[in-house]
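[1] Sequence plus the predicted model coming up.
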Amino acid sequence: MHKKIPLKRVVYKVMSTTAKQLIIAILCCGISFAHTLHGQELLNKDISLKVESLEVKRVLQMIEKQADVKFVYSTSSIQGSQNTNLKEVKGSLDKVLDQLLTPLNVSYEVVGNSRILLRKKPQAPTGNEQTLQNQGITAERNITGKVLDEKGAGLPGVNILLVGSQQGTSTNENGDYRIAVPDQNATLKFSFIGYVSQEVVVDKEVINVTLAPDVSALKEVVVVGYGTQEKKDVTGAVSSVKGADFQNLPSGGAQQALQGRAAGVNIVRNGGAPGDAGSIQIRGFGTVNNSSPLVVIDGIPSGNMNDVNPNDIESIEILKDASASAIYGTRAANGVILVTTKRGKFDAPLSVTVNAYLGVTNRIKSLDVLTAPQLAEMKQKAYTNDDLDIPAIWEDKQYQNQLTNWQEELLKQGVTRNYDASLRGGGKYSTFAISGGYYNEDGIIGKSNYTRYTFRINSDHKVGSRIKIGQNFQYTNTHNSGPDTQSSQTGLLFTAIRFHPGLPVRNANGSYGSTDGLGAFGDLNNPIFTVDTQDKNNIRNRFLGNLTGELEIVNGLKLRTNLAMDATFSDSQTFDIKVNDQFRKNSYNQLSVGRDKTWSFLQEYFLSYDKAFGKNSLSVVGGYTSQTFKSIYANQWGREFASEDPSLRYMQYAGIIVSVPLANGGNGGRSYDALGSWFGRVNYSFNDRYLFTATMRSDGSSKFAPGNQWGVFPAFSLGWRLSEEDFFKNALPIFSNFKLTGGWGQLGNQNVASLQYLALINSTFRYAFGNGGVQNQVSGAAQSRLANLNIGWETAEMSNFGLEAGLFKNSLYLSANYFIKDTKKMLLAPPSVGTIGSATIPDQNVGQLRNQGLELEASYKHTIGDVTFNVSGNATFIKNKITKLATPGGFLATQLYGRGQQEIVRTYEGQPYGTFYGYQTDGIYQNASEIDDDANIANDPRRTDGQIVPGDVRFVDLNNDGIVDDEDRTIIGSPQPKINYGFSAGANYKGFDFTLFFIGVGGVNIYNADRMQGLDASYPFNLYADALNSWDGEGSSNTIPRMSINNANRNFRPSDLFVEKGDYLRLKNMTLGYAIPKNAISKLKMSQARVYVTGQNLLTFTKYTGLNPELGYVGSGGSYNQLNVDYAQYPLARTWTIGATISF
């Protein structure tokens, strides 16, 4: 017998009595010992500046950049109109400050790690005032209190002024203050740069004040490649999303949470399967090859941001144009996403935050299908319409009893769980951030599950005053399990829609209901049998980490390094049991095992230099980076397991190891790639008004042949801050910011297959000697692909023109960007030539594609009394088209999956990529006269042969030859949306917060391939309920053709009958939260406690008839995938969660 250990009590006891006391003791000792020493190190920094005729505020800004310090002061201490009389300041920082501030009667004090507090020196009382005080005429009261920021932390350096006098004071390092006032009618004014001032009437002895941030005064900093920039100085197209915007939303990863939150970023889920990240494009579909953007996590180029716990994210920056992303060269053609995770702060106390939520998921919609008696009726009608005998099975009453709603049986309630905790803090010289998380999602289809464990530790350290060391480490474990949920003959939703409703889930003897022996009902297996018996598991472990270093050689010049590793180990296992009593049988059981290992090693060395001189500001960065990529994979198959017990599903229990395709029972391989690059960027600002950025990167890749391995990719951009011009300020004072930008650049794309310049030798060929047949075959090798030594980079050339504006002290923000993106030298497969034999022709740099569009962003925030509300939105308008293919008049095409040789997508030059291709229709023939009089088929032999009858579809003869054939097919729709948008609205009132978030698309088409088959009675499956509305006599229907078994007119060929509008508006998230007052939780040692309820995918407004208008890409191989083709993908679910966030 084992006794259960009270783990929570042990953990709490250990943390409260040991860790907490130890950390507090270390921090306190470190602070008291190092404060004076470090403050003196800061004041010893050398300064040299030309400052003639400059405002004091401007001089302080220049000192901040050169000495890497932050000045904290109130507006009354340093006024904007004050100019310095000095021509030059030179020497140590303390001497420079003495020169600059002594004439202004301002003192300074080092506060914290790198902050310097400036405050007015108190004035001595006048003679009259001294006399009154000596006589005791004024009865003073001592007022004390604390000033807090919006997060509840003490705010140092706040200026506190007795209104109507010169008397005042400032808060100390902890935000505490003391001031004497003459009487109870006194009013105190609290002011601090970056915060909204407050006036408070003195009505008690202790007055605590919380200051709200002043949006107009905040300097927003955004992360860019190899550094940061103030947003006002950015000349490229960069969107920023804060982690707080999607914290605690029920999503499987950061990519899902980012959906709809940034202009120009289109994220589409490929279905609702647990853990499905979907696809992401920045500024349109950039290439017919891999168009995914580069993801950089804490400085590490990485392919997957869904491995990061969303609650660990501080911010996400999206670099969209060439100027912003060119520093990443050949990896940035499809845009760059920079993910920055949360870190500890220097001189910050230990904080512990715990997040938890629990939710339930349910299907949003089911498709209406026929009941068993209705199906029998429609089948009988189909046979009758074709003058065919009705098979006995369709008249058998045994199968006309409605027994099972297969969608009800398949789509059940799912559960979502998330628990994570973080510890953050820091001392004088070190910071840390540690977090761990658990996310689990059970899908609405049985056995479909996604589980993710995350652990992260970030730290920063200072060695002296010039050396900094940083470290990031992330471990992620994911586990996907579940049966096949894709759309095919074995896809579960496809099967549930079509399986015969007159069959039971289980028979009376316990066996599963089956169509075995009932071929008229189709070649499908019972979907519940498939759920219960399939065994699929994918386990993935990822280690991502880096070590960074920084050495300040001289003031402003820094040497930096970044060494990183990314390693992923994946194991997949599928066990298929023997199947004897279903239509699709397995004569043997089989275990399939796959293992993949990938490693990536990165090393970067670069210099950065920042210098401010006079009205000029210069920032330069340049360096070298190299990264290697290695991968190993192996697959193996085993059959004939004596037992199918789950505990014995391992390869050692297989009866035979299958020789597919190699004699050792498996296959495998390895790959190696390398990328080396030189890069540089210059940012220049004159008078804080005129901005210039130039970037250059040279990349060399092992994927290409010698001579084509290196490419050079330049970019530049300009900016003009009109809001700093006097004429603009005078003419349009409502603008607090107004900036125009423009830029151009070239980027490369190396997201292509490796070593295409080499010929391929395939060793799996077999050749038979003599007449012995298979037994005389021997293994051999032959060339399977020709070489192309000239293959090179795809190139993206971009132009961008932007406008950014802030009105009413930046409470209203507006942004617009117009862009043109031309992808050139796109890799395409050329037309086949009959003389080359069996070897394929390698891709060639022959294609071109263009995306051009307009991005809009807006936000507004305002406070009225106790209510603070905000609204924000973004919209992207894009036109996409192929401008050049391999040959004039050529096209790119794909066929319907599982539908024979029916072409559904064909893209010509001048058309959007992935356009739908088929026949135009003009209603239904209502009678024989319409057939006889129809010019579309005047010369069509099918008309006289009786293959076209009333109730058939009227197809349009586009080439006017009187025959409807393949030459009459045309473009019938586009899957590329004309607009993507998202918007949110929120309000806060006395601790309550409420948020709505919407996403949507417009001007887009969907090809409903599932409906195309779901109305076709020639298939043996169940049908859509709309089959009841099919043509059944003149005037009965003009949209759904007659029921037919022979389908002589091919009514269900690809046509515009099945192209639908895919526009939708979805209420993606709705959250109601409540922050428990601090006075109610302070006794529990809590600094924050918030509870909330969130709903996801609550409402969808659309005219689309399918399950879900949000469809991703289907297909394989990464190229020529189909977009917005509905094959009954895994449906999206509605989720309700309840959660809490607690901080200590």
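    That came in fine, so what should we check first?
[2] What segments of the stretch 651-800 of the chain are strands?
    With strands called from DSSP state E, counting those that start in this stretch, the stretch 651-800 of the chain shows them at 656-657, 666-686, 690-701, 710-721, 735-749, 760-768, 777-785, 794-807.
[3] wait, I meant the stretch 301-450 of the chain
    Under DSSP E, counting those that start in this stretch, the stretch 301-450 of the chain gives strands at 313-319, 336-341, 348-363, 414-426, 430-442, 449-463.
[4] Go ahead and confirm Ser671 touches Ser754.
    Yes. Assessed by C-beta atoms under 8 Å, Ser671 is found in contact with Ser754 at 6.1 Å. To be clear about C-beta, it is placed using only N, CA and C from the backbone, and glycine gets the same treatment.
[5] Helix or strand with the lowest mean pLDDT in the protein?
    helix 7-14 (a mean of 34; mean pLDDT, DSSP states H and E).
[6] how much space is there between the residue nearest the centre of the chain and Ile364?
    In the chain, the residue lying closest to the centroid (C-alpha atoms, centre = their mean) is Gln255, at 2.7 Å. Per C-beta to C-beta, to the nearest Å, Gln255 is found 21 Å from Ile364.
[7] Show the model's pLDDT score for Asn311.
    pLDDT for Asn311: 93.
[8] cool, and the one 5 residues further on?
    At Ile316 the predicted local confidence, pLDDT, stands at 93.
[9] which SSE is the residue nearest to it when sequence neighbours are not counted in?
    Nearest residue to Ile316, sequence neighbours excluded (C-beta to C-beta, 6 or more residues apart in numbering): Val241, at 4.7 Å. Per DSSP states H and E, Val241 falls inside strand 238-242.
[10] So what's the model's average confidence on the next helix or strand after that strand?
    Under the assignment DSSP H and E, the closest C-terminal helix or strand after strand 238-242 is helix 254-258. Averaged over helix 254-258, pLDDT sits at 87.
[11] ok, now stretch 1129-1144?
    Average pLDDT, stretch 1129-1144: 94.
[12] Phi first, then psi, for Pro156.
    Note on Pro156: its backbone torsions stand at phi -80, psi 150 [degrees, to the nearest 10].
[13] and if you look at Leu101?
    Dihedral angles (degrees, to the nearest 10) for Leu101: phi -100, psi -20.
[14] Nearest residue to it in space, please, no chain neighbours.
    Ranked by C-beta to C-beta, 6+ apart and with sequence neighbours excluded, the top spatial neighbour of Leu101 is Tyr108, at 6.2 Å.
[15] Just give the number of residues close to that neighbour.
    Tyr108: 19 surrounding residues under other C-beta atoms under 10 Å.
[16] Could you say which helix or strand holds it?
    According to DSSP H and E, Tyr108 maps onto strand 106-111.
[17] Please put the alpha-carbon coordinates of that strand into CSV.
    Extracted in CSV, the C-alpha atoms of strand 106-111 (Å, rounded to 0.1, in the frame of the first residue of the first chain):
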residue,chain,number,x,y,z
VAL,A,106,18.0,70.7,-10.7
SER,A,107,19.6,67.9,-8.8
TYR,A,108,20.2,64.3,-9.8
GLU,A,109,20.3,60.9,-8.1
VAL,A,110,21.1,57.4,-9.5
VAL,A,111,18.0,55.3,-8.9
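[18] Run the chain-centre distance for that strand.
    Offset of strand 106-111 from its chain centre (C-alpha atoms, centre = their mean, to the nearest Å): 44 Å.
[19] I would like the residues contacting it, please.
    Residues outside strand 106-111 that contact it (C-beta atoms under 8 Å, 6 or more residues apart in numbering): 38-39, 42-43, 72-73, 77-78, 97, 101, 116-121, 156-157, 173.
[20] ok, now stretch 1077-1096?
    With contact meaning C-beta under 8 Å, 6+ apart, stretch 1077-1096 is reached by 152, 248-251, 351, 353, 357, 359, 991, 993, 1067-1076, 1134-1144.
[21] in the sheet, who's paired with Trp90?
    In this structure residue 90 is Lys, not Trp. With DSSP bridges as the criterion, Lys90 is bridged to Ser48.
[22] That one: what's it in contact with?
    By C-beta under 8 Å, 6+ apart, the neighbours of Lys90 are 47-49, 96.
[23] how about the strands of the stretch 651-800 of the chain in JSON lines, adding mean pLDDT and mean neighbour count?
    Output for the strands of the stretch 651-800 of the chain, formatted as JSON lines (pLDDT from 0 to 100; neighbours: other C-beta atoms under 10 Å):
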{"stretch": "strand 656-657", "mean pLDDT": "86", "mean neighbour count": "14"}
{"stretch": "strand 666-686", "mean pLDDT": "91", "mean neighbour count": "17"}
{"stretch": "strand 690-701", "mean pLDDT": "96", "mean neighbour count": "21"}
{"stretch": "strand 710-721", "mean pLDDT": "95", "mean neighbour count": "20"}
{"stretch": "strand 735-749", "mean pLDDT": "94", "mean neighbour count": "22"}
{"stretch": "strand 760-768", "mean pLDDT": "71", "mean neighbour count": "12"}
{"stretch": "strand 777-785", "mean pLDDT": "76", "mean neighbour count": "13"}
{"stretch": "strand 794-807", "mean pLDDT": "95", "mean neighbour count": "22"}
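[24] wait, which of the ones you listed is closest to Thr235?
    For those, the distance to Thr235 is smallest for strand 710-721, at 3.9 Å, taking C-beta to C-beta.
[25] what sits against the residue lying closest to Ala705 once chain neighbours are set aside?
    Excluding the flanking residues, the one nearest Ala705 by C-beta to C-beta, 6+ apart is Tyr757, at 3.9 Å. Counting by C-beta under 8 Å, 6+ apart, Tyr757 makes contact with 704-705, 708, 787-791, 842.
[26] In PyMOL, how would I select the buried members of those residues?
    Of those, the buried ones can be selected in PyMOL as follows, counting by 16 or more other C-beta atoms under 10 Å:
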select buried, resi 704+705+708+787+788+791+842
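[27] the domain parsing of this structure - what is it?
    With automatic domain parsing as the criterion, the domains of the chain are listed as 7-120, 137-210, 221-351, 920-968.
[28] Can you lay out those as JSON lines showing distance to Asp1126?
    Shown next, in JSON lines, are the domains of the chain (distance: least, C-beta to C-beta, whole Å):
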{"stretch": "domain 7-120", "distance to Asp1126": "48"}
{"stretch": "domain 137-210", "distance to Asp1126": "47"}
{"stretch": "domain 221-351", "distance to Asp1126": "11"}
{"stretch": "domain 920-968", "distance to Asp1126": "19"}
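[29] need the least confident one among those domains, by mean pLDDT.
    Among these, domain 7-120 carries the lowest mean pLDDT (a mean of 68).
[30] rewinding a little: tell me the most buried of the domains of the chain?
    domain 221-351 (a mean of 23; mean count of other C-beta atoms under 10 Å).
[31] What's the end-to-end length of that one?
    24 Å (C-alpha to C-alpha, to the nearest Å).
[32] Ok, stretch 268-282 next?
    Stretch 268-282 has its terminal residues 12 Å apart, counting by C-alpha to C-alpha.
[33] cool, stretch 520-536 as well?
    Chord length of stretch 520-536, first to last residue, is 31 Å (C-alpha to C-alpha).
[34] and that stretch, what's its mean pLDDT?
    pLDDT averaged over stretch 520-536 gives 93.
[35] tell me the helices in the stretch 51-200 of the chain, going along the chain?
    56-67, 93-101, 127-135 (DSSP state H, counting those that start in this stretch).
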